[in-house]
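model this:
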Amino acid sequence: MPADPFKFKQTKEISRKDILLSVACEPESTRLFVGSSDSNVHVIDFAAEKAEPIALDGHSGYVTGVAISGAFIVSGAYDGKLIWRDRKTLKADRTHKAHDKWIRAVEASPDGKLIASVADDMICRVWDVTSGKMKHELRGHELMTPSHFNSMLYACAFSTDGSYLATGDKVGHIVVWDMSSGKSVKTMESPGMYTWDPRARIHSIGGIRSLAFSPDNSVLAVGGMGKVGNIDHLEGKARLELFDWRAEKSVQVVECDKTKGLITRLAFHPKNDWLVGAGGDSKGALVFFDTAGKKTLREESVAAHVHKFAATDSMDRLYLASHNKLSIWELSA
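Model (predicted):
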């Protein structure tokens, strides 16, 4: 029987004074590693009656990416640094000045061998987890938007077999890369994710904020926000677009009925039962889609904008990193 998204309920909420920007859950453990606006990674045991976080310093800017890979926790921040920490000792093992501008995301390959980082220098770099050496430098995104403003590279995602990596930028340009060669193999466009106001405000909003491959790797899901009237606010409808990426073809677009703002994270159920996204505007949202991308199954308001979420391998528990909150949602029997 398919997992029922209506059986997800919030079971715990941990209040915070900071803004939680990224989160990773340790397999077969109750530890979470959370990236914060206070420039630290915090280790939180969500099962403890009173969660006493441990702060891991080393960054000097917002920690926007945390990934668990093999024996390491790897974090990236607005300072452009990647820090490897030993999972057992929590001590820093190595630090790289990985990018010249803000790091926007850090992702681990499913086999735990690679780490990918993307930043506003419009470069994706792929790193060998064990050695810390760079394996690929991927350049397929323009530094400037068509209107001659700085662009941003927000998101990346590995395929479920680790053979490919997708990257997506502010203007809706998507590149899929072969991880054996480091070469670009496919490119697509999702211009509906981007709004440019040439008159009143002379700037833009939106962009591709999340990417996810389907369990069989046939579909690439792209998350963001639809067109916006007032670009000073996240007032556009949350938007999902699905691509047959091998054919470089958009196959479905759905804009949410109730949810406004960005989809900042996407994940498929491992049995392809549904696709879940989170983000929202200031109110925050959790949205479940059917995997054909034809409709939303459930749109749920949450307490605050969700910057990222992590999930267990079976997708029976979600950990939402938000403004001043860490919330846990569980799939009941």
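
from here on, just use CA atoms for contacts and neighbour counts.
Fine.

low-confidence stretches in this protein?
Along the chain, no part satisfies pLDDT under 70.

any idea which residue is closest to the centre of it?
Central residue of the chain (C-alpha atoms, centre = their mean): Arg265, 4.3 Å from the mean position.

so in that sheet, which strands flank the helix or strand harbouring Thr11, and in what orientation?
If you go by DSSP states H and E, Thr11 is part of strand 8-25. Partner strands and pairing direction for strand 8-25 (DSSP bridges) are strand 31-36 (antiparallel), strand 317-331 (antiparallel).

could you give the bridge partners of the residue nearest to Gln10 when sequence neighbours are not counted?
Once flanking residues are discounted, Gln10 sits nearest to Trp329: 4.1 Å by C-alpha to C-alpha, 6 or more residues apart in numbering. For Trp329, the beta-bridge partners are Gln10, Leu318 (DSSP bridges).

and for Trp329, the neighbour number?
18 (other C-alpha atoms under 10 Å).

quick check: it touching Arg317?
Yes: Trp329 is within contact range of Arg317, at 5.6 Å (criterion: C-alpha atoms under 8 Å).

what secondary structure does Gly293 sit in?
On the three-state scheme (DSSP: H, G, I helix; E, B strand; the rest coil), Gly293 is labelled coil.

strands of the stretch 1-150 of the chain, residue ranges please.
All strands of the stretch 1-150 of the chain, identified by DSSP state E, counting those that start in this stretch, fall at 8-25, 31-36, 41-45, 54-56, 63-69, 72-77, 81-86, 92-97, 103-108, 114-119, 124-128, 134-138.

so which of those gets nearest Ser322?
strand 8-25 (5.2 Å; C-alpha to C-alpha).

skipping adjacent residues, who's closest to Glu255 in space?
Among residues not flanking Glu255 along the chain, Arg239 sits closest, at 4.5 Å (C-alpha to C-alpha, 6+ apart).

mind listing what the residue nearest to Trp102 when sequence neighbours are not counted touches?
Leaving aside its sequence neighbours, Trp102 sits nearest to Tyr78 (C-alpha to C-alpha, 6+ apart; 4.1 Å). Contacts for Tyr78 were tallied using C-alpha atoms under 8 Å, 6 or more residues apart in numbering; they are Ser60, Gly61, Tyr62, Val63, Thr64, Lys101, Trp102, Ile103, Arg104.

can you lay out the residues you listed as TSV showing distance to Lys50 and neighbour count?
Formatted as TSV, the contacts of Tyr78 follow (distance: C-alpha to C-alpha, whole Å; neighbours: other C-alpha atoms under 10 Å):
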residue	distance to Lys50	neighbour count
Ser60	28	15
Gly61	27	19
Tyr62	25	24
Val63	24	33
Thr64	25	26
Lys101	37	18
Trp102	34	25
Ile103	32	32
Arg104	31	25
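
how close does the residue nearest to Trp102 sit to Arg139?
20 Å (C-alpha to C-alpha, to the nearest Å).

same question, Ala304
Relative to Arg139, and taking C-alpha to C-alpha, Ala304 is found at 34 Å.

the more surrounded of these two?
Ala304 (21 against 16).

contacting residues around Ile73?
Here Ile73 is in contact with Val66, Ala67, Trp84, Arg85, Asp86, Arg87 (C-alpha under 8 Å, 6+ apart).

now the last one: closest residue in space, sequence neighbours ignored.
Going back to what we said before, that points to Arg87. Per C-alpha to C-alpha, 6+ apart, closest to Arg87 is Phe72, 5.2 Å.

I figured the one you found hits Ile83, correct?
No: using C-alpha under 8 Å as the test, Phe72 is too far from Ile83 to be in contact (9.5 Å).

so which residues make contact with the helix or strand in which Val176 is found?
For Val176, the host element (DSSP H and E) is strand 173-178. Strand 173-178 is contacted from outside by 140-141, 163-168, 183-191, using C-alpha under 8 Å, 6+ apart.

so what's Leu138 bridging to?
Going by DSSP bridges, Leu138 forms beta bridges with Cys124.

gap between it and Ala200?
Distance of Leu138 to Ala200, computed by C-alpha to C-alpha: 35 Å.

between those two, which has more neighbouring residues?
Leu138 (18 against 8).

picking that back up, relative to strand 317-331, how tilted is the helix or strand hosting the residue nearest to the centre of the chain?
According to DSSP H and E, Arg265 maps onto strand 262-268. Angle of strand 262-268 versus strand 317-331, following axes from the mean of the first three to the mean of the last three C-alpha atoms, to 10 degrees, is 70 degrees.

against which helices or strands is strand 262-268 packed?
strand 210-213, strand 220-225, strand 237-244, strand 275-280, strand 306-311 (3 or more C-alpha pairs under 8 Å, 6 or more residues apart in numbering; DSSP states H and E).

list of residues touching it?
So strand 262-268 is contacted by 206, 209-215, 221-225, 234, 237-240, 274-281, 291, 306-309 (C-alpha under 8 Å, 6+ apart).

cutoff 7 Å now
Contacts with strand 262-268, where a contact means C-alpha atoms under 7 Å, 6 or more residues apart in numbering, come from 209-212, 214-215, 223-225, 238-239, 274-281, 307-309.
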